[in-house]
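Engineer: Provided below for reference: sequence and predicted model.
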Amino acid sequence: MRGLLDEPILPRSFLRVKETLGCRGYLRYVDDFALFSNSKRQLRDWREGIVTRLAEHRLRLNSGRTHLMPCRTGHRFLGQIIYRSHRRLGRENVRRFKMRLRHWEQAPPENVQERIASWLGHARQADTQALLGSVPSGGVNLLVPYGFTALL
């Protein structure tokens, strides 16, 4: 989707689909969403309903990124791995952030505080209490000068 006129269509349209379908468990961020059910058949029916609803707005699902799978296996969604009972950050996500912190110790960008706060906000949405306590480890003390001492 492109352009300002298209942007509000999906959220309004999807919310109506959600209400129409009666889906109680879902995640959504802009144009990414995940629906949860114990029934594979129900998920297939919901997918067809969403395809129909989106087609009314000349939109379609990306078939390469549309999956039906059990929650017990976990699935990547917006930088997190979603399970039935919890969410985790992917290893690569954490590794890249720690590398950035080490780099920023030598040459912090102008908006370093905003960047750190943004990643921490993202990380806090998953089950990351132990992880957030370990972020400053390895000599990376960049969080302290910017007021992020609550993590230590």
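Structural biologist: Here it is on my side, so go on. Residues are numbered from 1 along each chain as shown.
Engineer: buried ones in stretch 21-31?
Structural biologist: For stretch 21-31, a neighbour-count test (16 or more other C-beta atoms under 10 Å) marks 21, 23 as buried. All C-beta spots, glycine's among them, are computed from the backbone N, C-alpha and C.
Engineer: tell me the mean pLDDT over that stretch?
Structural biologist: Here stretch 21-31 scores 77 as its mean pLDDT.
Engineer: Would you confirm that residue 61 contacts residue 54?
Structural biologist: Yes - under the criterion of C-beta atoms under 8 Å, residue 61 makes contact with residue 54 at 6.6 Å.
Engineer: Which residue of those two possesses the greater neighbour count?
Structural biologist: residue 54 (17 against 13; other C-beta atoms under 10 Å).
Engineer: Report the secondary structure state of the more buried one.
Structural biologist: On the three-state scheme (DSSP: H, G, I helix; E, B strand; the rest coil), residue 54 is labelled helix.
Engineer: Can you tell me the closest non-neighbouring residue to it?
Structural biologist: residue 60 (5.9 Å; C-beta to C-beta, 6 or more residues apart in numbering).
Engineer: Does that neighbour belong to a helix, a strand or coil?
Structural biologist: coil.
Engineer: got any ranges where the chain has weak pLDDT?
Structural biologist: 1-18, 133-152 (pLDDT under 70).
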